[in-house]
Structures are given as C-alpha cells and as structure tokens.
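Undergrad: Fold the following and give me the result.
(2 chains)
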Amino acid sequence: MQPPSATPALRAFQDGFAQALIAPDARARVTPELAALRDQPGFAVYRNTVMKGCIDALQANYPAVERLVGAQWLRAAAALYVRAELPSHPTLFDYGAGFAQFLRTFAPAAELPYLAGVARLDRFWTEAHIARDEPPLPPAALAQQDLEQAVLQPHAAARWAWFDELPIFTIWQRNRDATFDHNAAPEIVWRGEGALITRPGGAVQSVGLDAGGCALLDACAAGRSLADAAQAALSANARVDLAQLMATLLNAGAFADLQRDANE
Amino acid sequence: MTTTLYAGLSLKPEYYEEANACSADGLWFEVHPENYMVAGGPRLAWLETIRARHPISLHGVALSLAADADPDASHLQRLAQLVERFEPTLVSEHLAWSTWRGAYHPDLLPFPRTTQALIRIAANIGRAQDILRRPIAIENPSHYLHIEGHEFGEIEFLTELARRTGCSLLLDVNNVYVSANNMGFDAQSYLAAFPAALITEIHLAGHTADPALGAALLIDSHDAPVDAAVWALYESVIARIGPRPTLIERDGNLPAFGELLSERERANSTLTVPALLAA
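TA: As a prediction, the model looks like this:
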C-alpha cells in the first residue's frame, strides 16, 4: 500500500503543531485551526511534556555541570538549549552533544570558565558508556612485540582531552561523584590538566593525563606509528615518562586492536 | 506466541538488580527499545542478563507512526536489531507521532483521524512490520485536546488499521480513563466497544491531576500507583474478554520494587482467578 504522494492536510497540521510546541511566544500568529488547539488548556500538557523530556535528559546527561551550578540554573540553561536544538533522534540518553559548546558562549556562564570543559567530560562519559564493545589491548601485549612502527588504535570507548589552563579533570571528577566530600579534599591546583575516559571492563572509568599523553593518543588516532606518537608526546611535554605513560594508557584500556605496519 | 504471559512490569535501570533476582511466577518485563539503541556497553549487557531469566516486551515510544512521513529507516533498523537479538514476546508502538522534519518531540502527539491519516499510518505500520518481520500492537493514546476534523472514532480507526495491516491492539485502560475524563466521553462504553479479539496486551498506569486545573484535566503521568477507578475498569474488561498480558507501567516517582510487585500481583490475580474458575 502506497501513501498518497502529497498529503498536505496532515503535513500542515504537524508543521503547525510542532512549531507551536516549541514557540516561546504563546501569542505568536498561527492559523485559526492551530490557535483553536493551542488555546485549549490541554495543549500545555504536550508543550510541558516535550520540554520536560528534553530538559530531564540534559540534566541526566550532565550531572557534574548540574552539581556545579545547581538544578535550577542547569534547567534554565537547558530550556534555552532545547529551543535552539531539539533532539535529532529519540535516544535521549545521547541528547545534548552540543551542550558544552552552548555553555562556552552562554553569557550567564562567563564567570565559570571551567563549565564548558566539565560539560565536555560529562559528554565523554556518555560516549564511552554507549560505545561499541571491543576487547582492549591487554598490557602484556606491549611487552611481547616490537612496536616501534605499530599503529595503536584508540579503543572505541576511549575519549581524551587536554585543557591548557584549567584543572578541568579534577573539577569534573569531584563533581561527577555525588558523594564526593569537598570539605575533606585538598585544595585544587589551578593549572592545565588532561583526562582520559575509557570503558575497559563493563564500567566507565577515568584517569588524569598530561599534555604528552593526550598528544600521543591524538597521534595514534590520526594513524601514526607509535614511534611518531611518542615523538608527539615528547614535543607536547619534554619531561614525559614514556614507559609510565604507556602503562597508564594500557591499564586504562585506551587501545584496541594492533595493526603492525604503519606504512601501509 | 508460545508463552502465556500474565502480569508484567515496566523495567527501569533502578530496578535491574531486584528485577533480575525476582522469581515471581510468570513475571515478564517491558522496556522502551529507544533506551537500548546503543552500539554496545552495559545497557545491552543488563538487558541480556534480564532476558536470560524473563520474557521481555519491547514497547516503542518513538517510531512516530502517525507522522506524515516514512518511519525513520535507521530507527527502524535499530529496532529490528533489538527484536532479533532479544526475541521479545511482544512488540508494540503508539497511535501517535513524535518525530517531525528531523526533530524528536518526546511525547505522543495527536492528529485528526482522517482517511488520509488512516492510509498513511497503515502504510507506516505495514513498513514497520515488514522490517521487523512480525506484527506489532498499536496502543490507544491519552487525549488532552478537542481536535476538529476527525472522520473516524478512535476505536473505528484502530480497528480499520488492524484490518488493513494485521497489527493487533494494545489497550491502555488508564489512557481510556484519562481521555474519557478530559474529552467528556464514557469510559465504560468505550471499553465495551473495544474489539476483544484484537487485544494482545493491556497497560495499566497511574495518572495525576493537572496542577492548575485539577481533576478537569488528568495527565497520563505514569508516576503514581494505578487508580482505583482504573482497576475497576480493568477488572470489568478482563471479565468481558478473558485474560490478556497486562503491564503495570511506572516511569516516574519510582517506588520500592515491592510496591510494583504488589500491583502486579493484583493484576495477576484478576487474570488468573477467572481462568482457574473456568478450568
């Protein structure tokens, strides 16, 4: 059975309804048919359900941001984000890929320069959580082989970033964990930090990384050999301890399968 | 369908441990497949664990069958992968739309029940059933708006969809109660006219009164126990049509798992007592 090629009545209904759901101005001019719907008390049920569903999802997906700014602030910011960018698909656990970028230019967040970075790590956590399954490269694999020219692929769940000026990883970690006792914690040292988020077993985990570690992973992701990647790590941080760094990365499950020849 | 299902529970991540450990006779679980449309990771592993011990039902909320557009091909493909992997006993969706021109609106949105809509929705259901390679059940939604231009009553529309596509119907008794209240029709008469032979599943859930308008506008909120009036309607439906797999839905304000099990037990006794008497 084929639907009619053009079905404007239903299409027009859905165009108008969808627009009225999100329009911030309830008095915006619409067709008389749509006004008859929008002006019924029941229309607010749909409007509220749609907004609440999206805002709840952002609140659930950005828990460290919420802990820093409070639920009320987060939900107010989220409402603006929703109006600008509705979910593009129904998997709401994945909604808000652009929220960190939104916060970066969100005027009320200007006094919290670390907020966008923290949002980025919340997003990394989500991406790591839902990434495809694959076995990580076991730490022992490295010792057995000559890896100079090997290309180590980052694991499907691995996400990393270096933050030049701010201790984003420490701030994120302390606020991602709802039970963290801020009073008992040492003072935050205000300097640049990197983070690596992985899912080596069933659970997402995180570890701090220096600029060298992030540069090494960037080079691996770009398909460069381990020798090149090590050079990149040294360029980013001349004092990097490569043996220690590789142990950290392997223990975190940062790599997947091993390809032997980087020149192919 | 080879398994006889009595009463089941909607499964939230908060209940994974208890749900998995629960050995209540005949217990089954229903999930929203959208929450498991992931490439990998612990969500799928959890569902595998549950599935190893209990039958499951996939209850979609986002196929947007009533949109004047083809169902999203990638969404349908991902749903088909879940159906293949988890072999659900039941698969269902809603008589509603939610995705429109690339944007997902997380709700079950209404439309005028016209001939044009009937043709489009029948085509969309047919497409979904072709990809899933099985019939699905279509649920009656809750209503909050008086819409001009309906050419069909809801039961007539659902029955015609079933005739054209071979789909079955999921009767949500709470939605009938809420809609009857909001739209001003008689729930008993609606339920008496609902075609028994097409019903493959029943839903029960709680509702709440609108904060501003009170009982004049009931909201299908799934965040409260099943209301006494809905239980009464349900019991009369089962007395008329006989037992059907029945789900206690709960999505918000989650109680202790034991409270849900008690509601599930009440539905189970409604389903099994007449069967025992007849035996």
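
Undergrad: what about stretch A:222-230, how long is it end to end?
TA: 13 Å (CA to CA, to the nearest Å).

Undergrad: distance between that stretch and the chain's centre?
TA: 25 Å (CA atoms, centre = their mean, to the nearest Å).

Undergrad: buried stuff in it?
TA: For stretch A:222-230, burial by neighbour count (16 or more other CB atoms under 10 Å in any protein chain shown) applies to A:224, A:225, A:226, A:228, A:229, A:230. Glycine gets a C-beta too; all of them are placed from N, C-alpha and C.

Undergrad: what do you get for stretch B:205-219?
TA: So for stretch B:205-219, counting by 16+ other CB under 10 Å, buried means B:205, B:206, B:207, B:208, B:210, B:217, B:218, B:219.

Undergrad: give me phi/psi at the fifth one?
TA: Dihedral angles phi and psi of residue B:210 (degrees, to the nearest 10) take the values phi -60, psi 130.

Undergrad: now it: how far from residue B:226?
TA: 19 Å (CB to CB, to the nearest Å).

Undergrad: one step back: could you export the buried residues of stretch A:222-230 as a markdown table, including secondary structure and distance to residue A:35?
TA: A markdown table is the format used below for the buried residues of stretch A:222-230 (DSSP: H, G, I helix; E, B strand; the rest coil; distance: CB to CB, whole Å):
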| residue | secondary structure | distance to residue A:35 |
| --- | --- | --- |
| A:224 | coil | 61 |
| A:225 | coil | 65 |
| A:226 | helix | 65 |
| A:228 | helix | 64 |
| A:229 | helix | 62 |
| A:230 | helix | 66 |
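
Undergrad: Can I get the residues you listed in CSV including distance to chain B and pLDDT?
TA: Converted to CSV, the buried residues of stretch A:222-230 look like this (distance: CB to the nearest CB, whole Å; pLDDT from 0 to 100):
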residue, distance to chain B, pLDDT
A:224, 25, 96
A:225, 28, 94
A:226, 26, 93
A:228, 29, 96
A:229, 26, 97
A:230, 30, 96
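
Undergrad: now for these, which pair is the farthest apart?
TA: Across the buried residues of stretch A:222-230, the longest distance by CB to CB is 9.8 Å; it joins A:224 and A:230.

Undergrad: List of residues touching the helix ranked longest in chain A?
TA: Scanning chain A for the longest helix, with DSSP state H as the assignment, gives helix A:43-61. The contact list for helix A:43-61 (CB atoms under 8 Å, 6 or more residues apart in numbering or on different chains) reads A:20-22, A:37, A:66, A:71, A:74-75, A:78-79, A:81-82, A:86-87, A:92-96, A:99, A:122-123, A:126, B:105-107, B:109-110, B:144-145, B:210, B:217, B:219.

Undergrad: Would you show me how to pick out the buried ones of the residues you listed in PyMOL?
TA: Those of the contacts of helix A:43-61 that count as buried under 16+ other CB under 10 Å are selected in PyMOL with:
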select buried, (chain A and resi 20+21+22+37+66+74+75+78+81+82+86+87+92+93+94+95+96+99+122+123+126) or (chain B and resi 105+106+107+109+110+144+145+210+217+219)
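
Undergrad: In helices only, show me the contacts of helix A:43-61.
TA: A:20-22, A:37, A:66, A:71, A:74-75, A:78-79, A:81-82, A:99, A:122-123, A:126.

Undergrad: the helices in the chain, which residues?
TA: Here I'm looking at chain A. A:8-22, A:32-38, A:43-61, A:63-69, A:71-84, A:99-104, A:115-130, A:139-144, A:168-176, A:211-221, A:226-236, A:242-251.

Undergrad: look at chain B instead
TA: B:16-21, B:42-51, B:73-86, B:115-132, B:154-165, B:173-183, B:187-193, B:228-241, B:257-278.

Undergrad: close to chain A, is the first one?
TA: So the one you mean is helix B:16-21. No: figure legend: helix B:16-21 not in contact with chain A (CB under 8 Å from any CB of the partner chain); closest approach 12.4 Å.

Undergrad: can you pull the buried residues of that helix?
TA: B:16, B:19.

Undergrad: can you pull the contacts of residue B:171?
TA: Contacts of residue B:171 (CB under 8 Å, 6+ apart): B:139, B:140, B:191, B:194, B:199, B:201, B:202, B:203, B:237, B:244.

Undergrad: Make JSON lines out of those residues and add neighbour count, distance to residue B:182 and pLDDT.
TA: Formatted as JSON lines, the contacts of residue B:171 follow (neighbours: other CB atoms under 10 Å in any protein chain shown; distance: CB to CB, whole Å; pLDDT from 0 to 100):
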{"residue": "B:139", "neighbour count": "24", "distance to residue B:182": "17", "pLDDT": "98"}
{"residue": "B:140", "neighbour count": "23", "distance to residue B:182": "13", "pLDDT": "98"}
{"residue": "B:191", "neighbour count": "20", "distance to residue B:182": "16", "pLDDT": "98"}
{"residue": "B:194", "neighbour count": "21", "distance to residue B:182": "18", "pLDDT": "98"}
{"residue": "B:199", "neighbour count": "18", "distance to residue B:182": "23", "pLDDT": "98"}
{"residue": "B:201", "neighbour count": "24", "distance to residue B:182": "23", "pLDDT": "97"}
{"residue": "B:202", "neighbour count": "24", "distance to residue B:182": "20", "pLDDT": "98"}
{"residue": "B:203", "neighbour count": "24", "distance to residue B:182": "17", "pLDDT": "98"}
{"residue": "B:237", "neighbour count": "23", "distance to residue B:182": "20", "pLDDT": "97"}
{"residue": "B:244", "neighbour count": "17", "distance to residue B:182": "25", "pLDDT": "96"}
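
Undergrad: Next step: the residues you listed restricted to strands.
TA: B:139, B:199, B:201, B:202, B:203 (DSSP state E).

Undergrad: show me what contacts the second one?
TA: Translated: residue B:199. Counted by CB under 8 Å, 6+ apart, residue B:199 has contacts B:168, B:169, B:170, B:171, B:241, B:244.

Undergrad: Quick check: of the residues you listed, which lies closest to residue A:193?
TA: For the contacts of residue B:199, the nearest to residue A:193 is residue B:170 (51.2 Å; CB to CB).

Undergrad: from the buried residues of stretch B:205-219, which are also near chain A?
TA: B:210, B:217, B:219.

Undergrad: Check what pLDDT the first one gets.
TA: Per-residue confidence for residue B:210 comes out at a pLDDT of 95.

Undergrad: Next: the last one.
TA: You'll see residue B:219 listed with a pLDDT of 97.

Undergrad: so it makes contact with residue B:205?
TA: No: the criterion here is CB atoms under 8 Å, and residue B:219 misses it with residue B:205 at 11.1 Å.

Undergrad: mind checking how far the closest residue to residue B:203 other than its chain neighbours is from chain A?
TA: Spatial nearest neighbour of residue B:203, excluding adjacent residues (CB to CB, 6 or more residues apart in numbering or on different chains): residue B:172 at 4.0 Å. Distance of residue B:172 to chain A, given as CB to the nearest CB, to the nearest Å: 16 Å.

Undergrad: so how far is residue A:109 from residue B:172?
TA: Relative to residue A:109, and taking CB to CB, residue B:172 is found at 42 Å.

Undergrad: So which of these two has more stuff around it?
TA: residue B:172 (25 against 20; other CB atoms under 10 Å in any protein chain shown).
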